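K.L.:
Quick one: sequence and predicted model below, then my questions.
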Amino acid sequence: MKKTVVLYPGLFFSHFTPMMELADVFMEHGYAVAIAVINPSVREDDAAFTTVVRRAMSSKTDVSFHVLPRIPRTPLLAFGGSITEALINYFDIVRRNNAHLHDFLSSVQSLHAVVVDATCGLAIEVARKLGVPAYQFYPSDAGALAVDLQVRSLRAGSKTLGGDGTLVELLGVPPMPASHVTDIFGQPVGEKVDKDLETVMAEEARATAEFAGILINTFVSLEERALRAIHDDLRCSLPDGMVLPPVYTVGPLVDKAGAVDESSRHECLVWLDGQPDRSVVFLCFGSFAGSRDNPEQQLREIAAGLDKSGHRFLWVVRAPSTEDLDALLPEGFSARTRGRGLVVNNWVPQPEVLRHRATGAFVTHCGWNSVLEGITAGVPMLCWPLYAEQRINKVLVVEDMGVGVEMEGWLEGLVTADEVEAKVRLVMESEHGRKLRARAEAYKQSAAMAWKDGGSSRAAFAHVLSEMDAAHDKSVA
Ligand SMILES: O=c1ccn([C@@H]2O[C@H](COP(=O)(O)OP(=O)(O)O[C@H]3O[C@H](CO)[C@@H](O)[C@H](O)[C@H]3O)[C@@H](O)[C@H]2O)c(=O)[nH]1
């Protein structure tokens with residue numbers, strides 16, 4: 001009987017999809033995979049998440065899925081309001097599901113190990129009780145992890161970093177403005193964290209230290225500096241002398257399927273088929289929403305900037321309805337850009353869009369999956385962070401990797417039409433843009449190498465498997 005690895009994904013589209021790729025990797029290495037999913041009905045508000053779970057359940061026939069029973073009176077999880085409340089609620093849901101997870105894991109034959117999403121660390125309690133080796137899956141980047149570890153230490157020492165203009169030197173990442181130094185949830189170092197949230201974050205940190213290893217969705221040649229800093233300097237940065245487990249790079253794990261609805265080819269891909277090579281600027285801001293700050297005025301500025309740039313574009317906007325969207329965009333915009341621009345008010349298969357030969361640049365909020373999808377497609381990026389750890393990712397993309405430029409104004413709450421036009425032209429028309437593309441292309445090649453024979457991610461994964469075997473043998477001895 002095959003050894004079974006159970007994966008326990010987080011309740012986000014962007015955490016779930018790379019874990020499905022990880023499932024494939026385990027299966028390619030001869031393991032059976034079972035996936036335990038917290039009942040997706042708690043994320044009723046998030047159609048993308050619930051749809052992608054359904055899609056995986058129907059398409060991944062070689063994986064056994066187990067949806068944990070819905071716990072009565074579990075509050076719905078919504079990320080529209082206060083992030084603090086949403087996070088406390090999230091961790092509460094994870095904790096309450098531990099009993100169900102325990103029942104499920106106890107029933108799995110040949111259970112070899114469990115891999116738990118970084119947001120579900122409280123499940124370590126279950127693994128501990130059952131004596132099963134447990135690994136954490138970290139769906140973001142090593143740079144963000146390095147900063148997060150340092151933010152924890154700075155907070156513990158009640159340190160402040162000076163004003164916004166101050167450039168802060170941290171280990172593993174380029175110098176960055178004080179305003180960019182945030183924890184993984186995007187909360188600046190100096191910001192007072194809610195007491196209850198602080199308690200769960202401390203619990204999460206303790207849980208992290210108990211995992212046998214961390215599988216991170218990045219690859220060595222992309223983040224050498226951050227990985228070295230974590231390995232050499234930061235592993236002891238968890239509070240109370242706790243030590244971070246070994247970090248294994250297993251990326252890039254990028255959604256191969258891409259589309260949520262696979263019944264037909266998405267209209268935007270058909271439209272891209274008719275466009276010249278590398279001529280289209282693609283704008284998409286992640287699985288949550290569009291720009292949250294001042295969205296109406298911001299939409300108009302983007303539209304005016306794209307209009308003036310004269311370039312082709314594919315723009316993903318989230319508006320309640322098409323009529324609302326028409327009312328929001330500047331008058332005459334649709335008529336003036338007809339044929340060279342497509343505005344889409346629904347989900348697009350982003351990985352496929354980025355891999356399409358017609359896509360020339362990517363305006364992104366710098367969510368880590370988007371960055372990896374841009375990198376693996378060799379597409380230069382225009383960075384416009386919105387929340388979570390995206391400010392840090394922007395610094396990495398622009399300063400460290402050199403595959404993007406910053407859309408200025410986001411920090412002040414508005415990117416103007418002039419800025420949109422200028423940066424689109426810079427990336428699409430200038431020598432600088434050509435250099436960004438060449439570097440993105442080089443990273444695309446090294447990303448492909450990472451999982452080839454002798455590649456760093458293949459080697460790291462082999463290392464994980466042998467450690468897992470040893471940990472398993474020890475636990476049954
Ligand atoms: O129309 C759309 C919109 C999004 N996507 C996909 O949605 C995912 C978005 O993921 P990501 O770029 O990581 O952004 P978020 O959804 O915002 O992800 C959250 O989780 C990430 C991983 O931890 C963090 O890096 C982000 O900051 C955090 O906001 C990507 O795979 C996209 O391809 C689509 O396919 N079509």
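P.N.:
Here it is on my side, so go on.

K.L.:
Just the pLDDT for residue 183.
P.N.:
In the prediction, the pLDDT value recorded for residue 183 is 90.

K.L.:
before we move on, what about residue 262?
P.N.:
Residue 262 carries a pLDDT value of 57.

K.L.:
Run through the stretch 1-150 of the chain and note the low-pLDDT ranges.
P.N.:
Within the stretch 1-150 of the chain, no range satisfies pLDDT under 70.

K.L.:
Sticking with the spatially closest residue to residue 180 that is not a sequence neighbour, tell me its helix or strand.
P.N.:
Using CB to CB, 6 or more residues apart in numbering and skipping the chain neighbours, the partner closest in space to residue 180 is residue 391 (4.0 Å). Yep, even glycine has a C-beta here, placed from its N, CA and C like the rest. Using DSSP states H and E, residue 391 maps to helix 390-395.

K.L.:
nearest spatial neighbour of the closest residue to the ligand within the stretch 301-450 of the chain, skipping sequence neighbours?
P.N.:
The ligand sits closest to residue 367 of the stretch 301-450 of the chain, with a gap of 2.1 Å, by CB to the nearest ligand atom. Using CB to CB, 6+ apart and skipping the chain neighbours, the partner closest in space to residue 367 is residue 286 (4.5 Å).

K.L.:
so what's the one you found up against?
P.N.:
Taking CB atoms under 8 Å, 6 or more residues apart in numbering as the contact definition, residue 286 lies against 14, 365, 367, 370, 386.

K.L.:
Go ahead and name everything in contact with the longest helix along the chain.
P.N.:
Counting by DSSP state H, the longest helix found in the chain is helix 83-107. Helix 83-107 is contacted by residues 6, 8, 11, 36, 38, 42, 66, 68-69, 71, 74-75, 77-79, 111, 114, 119-123, 125-127, 129-130, 132, 185-187, 193-194, 196-197, 200, 203-204, 387 when judged by CB under 8 Å, 6+ apart.

K.L.:
Against which helices or strands is the helix or strand following that helix packed?
P.N.:
Next helix or strand after helix 83-107 toward the C-terminus (DSSP H and E): strand 111-117. Where contact means 3 or more CB pairs under 8 Å, 6 or more residues apart in numbering; DSSP states H and E, strand 111-117 is packed against strand 4-8, helix 13-28, helix 124-130, strand 134-138, helix 456-476.

K.L.:
Can you give the strand pairings for strand 111-117, parallel or anti for each?
P.N.:
Paired neighbours of strand 111-117 in the sheet (DSSP bridges): strand 4-8 (parallel), strand 134-138 (parallel).

K.L.:
which one of these is the most hemmed in?
P.N.:
Between the strands paired with strand 111-117, strand 134-138 has the highest mean count of neighbours, a mean of 25, where neighbours are mean count of other CB atoms under 10 Å.

K.L.:
Now find how far off-centre that strand is within its chain.
P.N.:
15 Å (CA atoms, centre = their mean, to the nearest Å).

K.L.:
which outside residues touch that strand?
P.N.:
Strand 134-138 is contacted from outside by 7, 9, 15, 18-19, 22, 113-118, 121, 123-124, 127-128, 145, 208, 210-217, 245, 247, 464, 468, using CB under 8 Å, 6+ apart.

K.L.:
Can you flag the buried ones in these?
P.N.:
7, 9, 15, 18-19, 22, 113-118, 121, 123-124, 127, 145, 208, 211-217, 245, 247, 464, 468 (16 or more other CB atoms under 10 Å).

K.L.:
so what's residue 395 up against?
P.N.:
Residue 395 neighbours (CB under 8 Å, 6+ apart): 143, 173-174, 176, 180.

K.L.:
do residue 208 as well
P.N.:
118, 121, 136, 214, 238, 242, 244-245 are the contacts of residue 208 under CB under 8 Å, 6+ apart.

K.L.:
what secondary structure does it sit in?
P.N.:
Recorded secondary structure, residue 208: helix (DSSP: H, G, I helix; E, B strand; the rest coil).

K.L.:
cool, residue 342 as well?
P.N.:
Applying three-state DSSP: residue 342 is strand.

K.L.:
tell me which residues in the longest helix of the chain are buried?
P.N.:
Applying 16+ other CB under 10 Å to helix 83-107 flags 83, 87-94, 97-98, 100-102, 104-105 as buried.

K.L.:
wait, which of these is closest to residue 374?
P.N.:
Among the buried residues of helix 83-107, residue 83 lies closest to residue 374 (CB to CB), at 25.3 Å.

K.L.:
Distance check, that closest one against the ligand.
P.N.:
11 Å (CB to the nearest ligand atom, to the nearest Å).

K.L.:
measure that residue to residue 225 for me?
P.N.:
Distance of residue 83 to residue 225, computed by CB to CB, to the nearest Å: 29 Å.

K.L.:
May I see the strands paired with strand 111-117 organised as TSV, with distance to the ligand added?
P.N.:
Output for the strands paired with strand 111-117, formatted as TSV (distance: least, CB to the nearest ligand atom, whole Å):
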stretch	distance to the ligand
strand 4-8	16
strand 134-138	8
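
K.L.:
what does the stretch 201-350 of the chain put close to the ligand?
P.N.:
Residues of the stretch 201-350 of the chain lying near the ligand by CB under 6 Å from any ligand atom: 255, 284, 286-288, 316, 347-350.

K.L.:
what two of the residues you listed have the greatest distance between them?
P.N.:
Longest span within those, CB to CB: 288 and 349, 17.3 Å.

K.L.:
three-state assignment of the residue nearest to residue 367?
P.N.:
Using three-state DSSP, the structure places residue 286 in coil.

K.L.:
can you list the residues that contact whichever helix or strand residue 360 is part of?
P.N.:
Element membership for residue 360, per DSSP H and E: strand 359-364. Residues from elsewhere that reach strand 359-364, judged by CB under 8 Å, 6+ apart: 272, 277-285, 314, 353-354, 370-371, 374, 377, 379-384, 407, 424, 427-428, 433.

K.L.:
Please narrow the residues you listed to those residing in helices.
P.N.:
Per DSSP H, these map to helices at 272, 353-354, 370-371, 374, 377, 424, 427-428, 433.

K.L.:
Tell me how far stretch 387-407 lies from the chain's centre.
P.N.:
13 Å.

K.L.:
Residue 476 - how many residues pack around it?
P.N.:
7 (other CB atoms under 10 Å).

K.L.:
nearest residue to it other than its sequence neighbours?
P.N.:
Nearest to residue 476 is residue 131, by CB to CB, 6+ apart, at 8.0 Å.

K.L.:
what pLDDT does residue 292 get?
P.N.:
50.

K.L.:
Actually, residue 445.
P.N.:
The model's pLDDT for residue 445 equals 97.

K.L.:
element containing it, please.
P.N.:
Here residue 445 is assigned to helix 431-450, by DSSP H and E.

K.L.:
Would you indicate which residues of that helix are buried?
P.N.:
For helix 431-450, burial by neighbour count (16+ other CB under 10 Å) applies to 433, 436-437, 439-440, 443-444, 447, 449-450.

K.L.:
ditto for stretch 156-168
P.N.:
Those would be 161, 168, for stretch 156-168 by 16+ other CB under 10 Å.

K.L.:
Contacts only, for residue 173.
P.N.:
Residue 173 touches 143, 146-147, 225-226, 229, 392, 395-396, 400, counting by CB under 8 Å, 6+ apart.
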